[in-house]
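1. Sequence first, then the predicted structure, then my questions.
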Amino acid sequence: MAPRRARGPVRLRLPRSDATLRMLSLLAFLAAWQIAAAVLQSSALPTPATVFGRVVEETVSLALPAHLGITLMRVAVSFALAMAIGTAIGIAMGRWRSVDVLLDGWLVLGLNIPALVTIILCYVWFGLSDTAAVVAVAVNKIPTVIVTVREGARAIDRRLLQVAQAYRLPRWQTLVRVYLPQLYPWLTAAARSGLSLIWKIVLVVELLGRSDGIGFQLNMFFQFFDIAGILAYTLVFAALVLLVEAVALRPLERRLNHWRS
C-alpha cells in the first residue's frame with residue numbers, strides 16, 4: 001500500500017450568505033448609531049428606538065404612506081422617461097457617427113448644467129406643477145443614460161449582426177435576439193445608476209417647489225428642527241431603495257445577462 005500523505009490542519013469553512021453579510025452590516029450600523037446617541041445624549045441625534053417609533057406614528061397616521069406614494073410616482077415617471085429617451089438617443093449616437101458629432105456638444109452641456117439650475121428653470125417655465133417636477137428630473141438624468149448606452153452601442157459586436165443578416169433573420173428578431181442582449185449590461189448599468197440619481201433629484205425638486213412628497217416633508221421637519229422626523233422619513237426612503245435594488249434590479253440584471261455565462 002502506498003503511504004498516506006500527511007494532511008494539513010483541517011479548516012472549518014462556514015457557509016457565507018450575501019443576505020447574512022448585509023444583515024450583519026445593518027446590525028453593526030444600528031449598534032454604532034445606538035452607542036453614538038447614548039454617548040452624545042443630544043436631541044440632534046435621537047436613538048434608533050425613537051426614530052422607529054416615529055416611523056410607526058407617521059405610518060399609522062397615513063402621512064408617511066401618502067407622501068411616499070407621491071414621491072414614488074414621480075420617481076417612476078421620471079425614470080421611465082429618462083430611460084426611454086436616453087436609450088434611443090444613446091443607441092443613435094453610438095451607431096451613427098454623424099448623429100454623435102451633431103449631438104455631442106448638447107450632451108456635454110447637459111452633463112455639466114447643475115441639477116438645481118434645471119429645476120429652477122423648469123419651475124419658471126412650466127409653473128409649480130408635477131409636470132415641471134418630472135421634466136426637471138428626467139432632463140437631469142437623460143444625459144447620463146445617453147453616455148452609458150452610447151458606449152454600449154459602440155461595443156456591439158458587428159460580426160454577430162452580419163451573421164444574423166447572412167441567415168436572413170428579420171430585423172425585429174435581430175434587434176431582440178442579437179442586438180439588445182449585447183446592450184443589456186449597459187442598460188442595466190444605466191438603470192441602476194439612474195435610479196440612485198433620480199431618487200436624490202426628486203427630493204430636491206419636492207423640497208423647492210412641491211407641497212407634498214418626501215422632499216416636502218423633510219423641508220417641513222427641517223424648519224421645525226425635527227431630527228426624528230427627518231431620520232424617520234429618510235430611513236424609510238432608504239429602505240425602500242434597498243428593497244427595489246434587491247428585489248427588482250439585481251435579479252433583473254442577472255436574468256438579462258445570464259446568457260453571457
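-> In hand now; what should we look at?
2. Now do the host helix or strand of residue 36: everything it contacts.
-> Per DSSP states H and E, residue 36 falls inside helix 18-40. Contact partners of helix 18-40, identified using Cβ atoms under 8 Å, 6 or more residues apart in numbering, comprise 45-48. For every residue, glycine as well, the C-beta is placed using N, CA and C.
3. Considering these, which is situated nearest to residue 110?
-> residue 45 (38.9 Å; Cβ to Cβ).
4. For the closest one, give its distance to residue 172.
-> Residue 45 sits 57 Å away from residue 172, going by Cβ to Cβ, to the nearest Å.
5. Counting neighbours, go ahead and name the busier of the two.
-> residue 45 (17 against 8; other Cβ atoms under 10 Å).
6. Let me see the backbone angles for the more buried one.
-> phi -140, psi 90 (degrees, to the nearest 10).
7. nearest spatial neighbour of residue 212, skipping sequence neighbours?
-> residue 70 (5.0 Å; Cβ to Cβ, 6 or more residues apart in numbering).
8. SS state for that neighbour?
-> Put simply, residue 70 is helix when judged by DSSP: H, G, I helix; E, B strand; the rest coil.
9. same question, residue 225
-> coil.
10. What residues does it make contact with?
-> Counting by Cβ under 8 Å, 6+ apart, residue 225 has no contacts.
11. So it versus residue 51, what's the distance?
-> Residue 225 is 15 Å from residue 51, by Cβ to Cβ.
12. Please apply the same query to residue 181.
-> 44 Å.
13. Could I get the full set of helices for the stretch 151-261 of the chain?
-> Taking DSSP state H, counting those that start in this stretch, the helices of the stretch 151-261 of the chain run over residues 158-166, 171-174, 180-209, 214-223, 227-244, 250-256.
14. and those helices as CSV, adding distance to residue 39 and mean pLDDT?
-> As requested, these are exported to CSV (distance: least, Cβ to Cβ, whole Å; pLDDT from 0 to 100):
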stretch, distance to residue 39, mean pLDDT
helix 158-166, 60, 71
helix 171-174, 63, 72
helix 180-209, 30, 85
helix 214-223, 24, 91
helix 227-244, 16, 87
helix 250-256, 36, 73
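15. looking at these, which is closest to residue 124?
-> helix 180-209 (10.0 Å).
16. From the contacts of helix 18-40, pick the one nearest residue 230.
-> residue 46 (9.8 Å).
17. where does that closest one fall, phi/psi-wise?
-> According to degrees, to the nearest 10, residue 46 has phi -70, psi 160.
18. Now do the contacts for the nearest residue to it once chain neighbours are set aside.
-> Distance criterion Cβ to Cβ, 6+ apart; nearest residue to residue 46, sequence neighbours excluded, is residue 228 at 4.7 Å. Residues in contact with residue 228, defined by Cβ under 8 Å, 6+ apart, are 46, 50-51, 54.
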